[in-house]
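Engineer: the following comprises the amino acid sequence and a computationally predicted model.
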Number of protein chains: 2
Amino acid sequence: MRDFSRSLPMSLLRAREAVMRQFRPSLREHGLTEQQWRILRALAAIEAAEVTELARTAFLLGPSLSRILRDLEARNLIERKTAKADQRRSMVSISKEGVKLMASVAPTSEAIYAEITSRFGARKLAELQEMLGELEQSLAGLGAGNEASAEE
Amino acid sequence: MRDFSRSLPMSLLRAREAVMRQFRPSLREHGLTEQQWRILRALAAIEAAEVTELARTAFLLGPSLSRILRDLEARNLIERKTAKADQRRSMVSISKEGVKLMASVAPTSEAIYAEITSRFGARKLAELQEMLGELEQSLAGLGAGNEASAEE
DNA sequence: GGGAGATACTTAACATGTTAAGTGAATGCG
DNA sequence: CGCATTCACTTAACATGTTAAGTATCTCCC
């Protein structure tokens, strides 16, 4: 079996960790986790979103998102109100405080991203992201849902 | 600010998830998590390893590894004995049962890896891994340890 | 219009990620 | 030697990942 430290999953894991290691300290100073930051960024780009939509955008599973939204709401960084037309759905939006917090984190975050881009090279970065997208595409619909095949 | 869904961390996260989604069901059938599998694979390649060394190889943090080793030991998939020369260190090795379990998982795992390679293309896969390695290298020693700079 | 099934979300339970603190053993140096 | 420091690992505490189950609401079709 292939040396597992050279496997694709490990390569991806190490690369992502190398990147996130740059951001975590700054986020931490502002009392935010990586996932909370993802949610705020996702919300900042839109007026409001349903929870399911937000989960897709921020790439979080429902249960994780539920917990995080509960906490962010308690910290008054987001707001929530149930949709009129469908009582099951709730519309989530970023609060003024949330916007303010984002504004205080964004400069450092941008600077870090710029540094990474500079070190790795903008062109290579674009290439890498292109390949990552293709990888994702090439695996789409493989083991995704319960494709009609086996038990159940 | 850049559309965060197109940011490098998100690209890496989505790509890795697309890959891991393929493996998890099979591992799950054998009662293994991704991390437990990493540890077994790392141990299978060597005689024995210290915990710290294993953490580096399997790319796990100490606390996670401590817990997982405790559980794997309880399931008799690994063995542990303290080093004679240094009572602080413990040598970890895979057990016979562990080897047997690996043998039962490996074929499916190999098949999945082959399918991924085939779908994405072996050459592109090699290129991708090359780029991921370069990314990691270009960020090495940036925000890594407490580089002599700030507080403390 | 009413009940079975689908939907949107939440809770629960367990495993890991992450940082800080704790514990016992080794080391170095005065 | 003695003891402060370092080292290897473990525990603790809290946040998220992951799957299964639960709850309320809505839809659709008879």
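Structural biologist: Nice, I can see it. Residues are numbered from 1 along each chain as shown, chains lettered A, B, ... in the order given.

Engineer: leaving out chain neighbours, which residue sits closest to residue A:8?
Structural biologist: The spatial neighbour of residue A:8 that comes closest, neighbours along the chain excluded (Cβ to Cβ, 6 or more residues apart in numbering or on different chains), is residue B:19 at 5.8 Å. Heads up, the C-betas are built off the backbone N, CA and C, glycines and all.

Engineer: count of neighbours near the one you found?
Structural biologist: Residues within reach of residue B:19, counting by other Cβ atoms under 10 Å in any protein chain shown, total 23.

Engineer: what's the answer for the one 4 residues further on, then?
Structural biologist: Close neighbours of residue B:23, defined as other Cβ under 10 Å, add up to 20.

Engineer: now it: closest residue in space, sequence neighbours ignored.
Structural biologist: residue B:112 (5.8 Å).

Engineer: gap between that neighbour and DNA strand C?
Structural biologist: 20 Å (Cβ to the nearest atom of the strand, to the nearest Å).

Engineer: can the helix or strand encompassing that residue be found next to DNA strand D?
Structural biologist: Secondary structure from DSSP states H and E places residue B:112 in helix B:96-120. No. Applying Cβ under 7 Å from any atom of the strand, one finds helix B:96-120 separated from DNA strand D by no less than 14.3 Å.

Engineer: remind me what the next helix or strand after that helix packs against, helices and strands.
Structural biologist: Using DSSP H and E, the helix or strand that directly follows helix B:96-120 along the chain is helix B:122-139. Judged by 3 or more Cβ pairs under 8 Å, 6 or more residues apart in numbering or on different chains; DSSP states H and E, helix B:122-139 is in contact with helix A:8-29, helix A:96-120, helix A:122-139, helix B:96-120.

Engineer: let's see that with 10 Å instead.
Structural biologist: With contacts taken as 3 or more Cβ pairs under 10 Å, 6 or more residues apart in numbering or on different chains; DSSP states H and E, helix B:122-139 sits against helix A:8-29, helix A:96-120, helix A:122-139, helix B:8-29, helix B:96-120.

Engineer: what angle do the shortest one and helix A:8-29 make?
Structural biologist: Comparing the axes of helix A:122-139 and helix A:8-29 via axes from the mean of the first three to the mean of the last three Cα atoms, to 10 degrees yields an angle of 120 degrees.

Engineer: now the angle between helix B:96-120 and helix A:122-139, please.
Structural biologist: 110 degrees.

Engineer: any buried residues in helix A:122-139, and which?
Structural biologist: Buried residues in helix A:122-139, counted by 16 or more other Cβ atoms under 10 Å in any protein chain shown: A:125, A:128, A:129, A:131, A:132, A:135, A:136, A:138, A:139.

Engineer: return the residues in contact with residue A:89.
Structural biologist: Contact analysis of residue A:89 by Cβ atoms under 10 Å, 6 or more residues apart in numbering or on different chains lists A:50, A:51, A:52, A:53, A:82, A:83.

Engineer: so how do I select the buried members of those in ChimeraX?
Structural biologist: To isolate the buried ones among the contacts of residue A:89 in ChimeraX, judged by 16+ other Cβ under 10 Å, type:
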select /A:51
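
Engineer: separation between the residue nearest to residue A:8 and DNA strand C?
Structural biologist: Residue B:19 is 15 Å from DNA strand C, by Cβ to the nearest atom of the strand.

Engineer: tell me the contacts of that residue?
Structural biologist: Listed by Cβ under 10 Å, 6+ apart, the contact partners of residue B:19 are A:7-9, A:11-13, A:135-136, A:139, A:143, B:112-113, B:116, B:120.
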